[in-house]
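[1] coords below, sequence missing:
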């Protein structure tokens, strides 16, 4: 499948703008262990106080990438773990026989942050939420491009967010996880513009999970302007090319 990226926005480990990500992609800057949260001054303080760190990362990238299209663009929100810190607290409440907050439960599901984006942007366009384990980012990209083409949209917004999992779950995680948000405003390919292609095939039977999060593989490819990138996961081999 072929597509064009009109705008890319990402936030992780002290990298917050295009120059930071270009330096990271060219091994001139490293990710910090902690990810300072965006201020989101464009969102009213009363709403902003209710946002979890996961939601803040998502909305920062979504609003930056969408720009003037935030009120009309269709969206795909993606995450491997979702707002797991919020979900983990709810599970602890159940274990302690404590009452659950309906509001907190409602804000813990995968499509909750998409709903928050829709409310703030007054966006009534179609929205989906997707999760596909290790392949969540590239499966969401596949989903977004398919929706772009099948619905004949002018553009579609992909928003991917994950946080480093709570300590109780870290023993089950193979990847070197960092809290990260990223958003792509995607269009159909255009003449005389830089376009991208994404293909996939099944991995070999005994393949193992990659240590690197796919979103960082993609951002490195995008910002260092390399012509081709292979991304291996336990289930697939993905190929990104730039034309």
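    Arrived safely, thanks for sending. Small disclaimer: the values here were computed from a predicted structure and weren't measured.
[2] residue 179: neighbour count?
    Using other Cβ atoms under 10 Å, residue 179 has 21 neighbouring residues. In this view, the C-beta of every residue, glycine as well, is placed from N, C-alpha and C.
[3] in stretch 45-54, which residues are buried?
    Residues 48, 51-54 are the ones in stretch 45-54 that count as buried (16 or more other Cβ atoms under 10 Å).
[4] list of residues touching the longest strand along the chain?
    In the chain, ranked by residue count with DSSP state E as the criterion, the top strand is strand 2-12. Residues from elsewhere that reach strand 2-12, judged by Cβ atoms under 8 Å, 6 or more residues apart in numbering: 18, 21, 31, 35, 38, 57, 60-61, 64-67, 145, 148, 155, 178-190, 193-198, 215-216, 219, 222.
[5] again with stretch 19-30
    10, 13-15, 31, 219-224.
[6] endpoint to endpoint, it covers what distance?
    13 Å (Cα to Cα, to the nearest Å).
[7] give me the buried entries from the contacts of stretch 19-30.
    Buried, going by 16+ other Cβ under 10 Å: 10, 13, 15, 31, 219-223, out of these.
[8] what's the most distant pair in those?
    13 and 221 (17.8 Å; Cβ to Cβ).
[9] now for residue 111, how many residues are close by?
    Residue 111: 14 neighbours (other Cβ under 10 Å).
[10] isn't it up against residue 131?
    No - using Cβ atoms under 8 Å, residue 111 makes no contact with residue 131, being 10.3 Å away.
[11] who does the residue most central in space within the chain bridge with?
    For the chain, the residue sitting closest to the mean C-alpha position, by Cα atoms, centre = their mean, is residue 160 at 1.0 Å. Assessed by DSSP bridges, residue 160 has beta-bridge partners residue 78, residue 182.
[12] the contacts of strand 2-12, buried ones only, as a PyMOL selection?
    Remark: buried members of these, expressed as a PyMOL selection using 16+ other Cβ under 10 Å:
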select buried, resi 21+31+35+38+57+60+61+64+65+66+145+148+155+178+179+180+181+182+183+184+185+186+187+188+195+196+198+215+216+219+222
